[in-house]
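[1] The following block contains a protein sequence and its predicted model.
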Amino acid sequence: MAVIVRAGAAPLWWAGLVAAGAGAFVPGLTGRRIGLLAGAALFIVTAAVVLLARGRRYGELARGASRAGRGDFLQDRAVTVRGWRRAHRWWLLGAFVVAVASSFALPGAGGLVLAGAGAGLWAKAVRIGQRERHEDVLYWVRTDWSGHGSPVAKRVKAHRTTGPEAGDAAPGGARRRRR
């Protein structure tokens, strides 16, 4: 489950940093200093909002999680990340273009909002990983329930659990290091 959350973190982070960097060279309507200071404040607010969004739903599904059965289809980490990024590539491109275009009004702020969303998703995945380590399980979402969307979407009825050594993802959605 944390893999789905973490899949959008890197593209949003890097697209946001590139957009903010490009926006820093545009004087804009408000000036660079005001734009970047406003962007820094928006970065913090966006990261906090993304981190805290749907926290209750994540907790409910984690508390009601059941052991994965033989009929549950659980994907590898790489397949999940690739599927999520392919399904959202046009949204990511559109967000990048809007962030760069917003630099003509408030330089760098749009890019820092995108980067804040990426940082918030990463922090949410870390928080999920802490819960997974504490409970000594990995949380999964059946692929027929999640599709390419959110791990807490309406059609997700419950989470599944496996042991912490199952699959190719570590707690928190990171790649598992092979020894």
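    On my side now, so go ahead.

[2] quick one: the residue of the chain most remote from its centre from Ala109, how far?
    Distance from the C-alpha centroid of the chain peaks at Leu29, with 31.3 Å (CA atoms, centre = their mean). Look at Leu29 and Ala109: by CB to CB, to the nearest Å, they are 11 Å apart. (Each C-beta comes from the backbone N, C-alpha and C, glycine too.)

[3] if you skip the residues just before and after it, what's nearest to Ile4?
    Closest residue in space to Ile4, ignoring its immediate chain neighbours: Pro151 at 4.6 Å, by CB to CB, 6 or more residues apart in numbering.

[4] mind listing the strands for this structure?
    Taking DSSP state E to define them, one finds strands in the chain at 66-67, 138-140, 160-162.

[5] So which of the ones you listed is the most surrounded?
    Ranked by mean neighbour count, the strands of the chain are led by strand 138-140 with a mean of 26 (mean count of other CB atoms under 10 Å).

[6] Report the rounded mean pLDDT for it.
    Averaging pLDDT along strand 138-140 gives 87.

[7] quick one: low-confidence ranges for the chain?
    Regions of the chain meeting the criterion pLDDT under 70 cover residues 147-148, 178-179.

[8] Which parts of it are helices?
    Applying DSSP state H to the chain gives helices spanning 2-7, 9-23, 32-52, 55-63, 77-101, 109-135, 143-146.

[9] and among the ones you listed, the most buried is which?
    Comparing the helices of the chain by mean count of other CB under 10 Å gives helix 2-7 as most buried, with a mean of 26.

[10] All set now, cheers.
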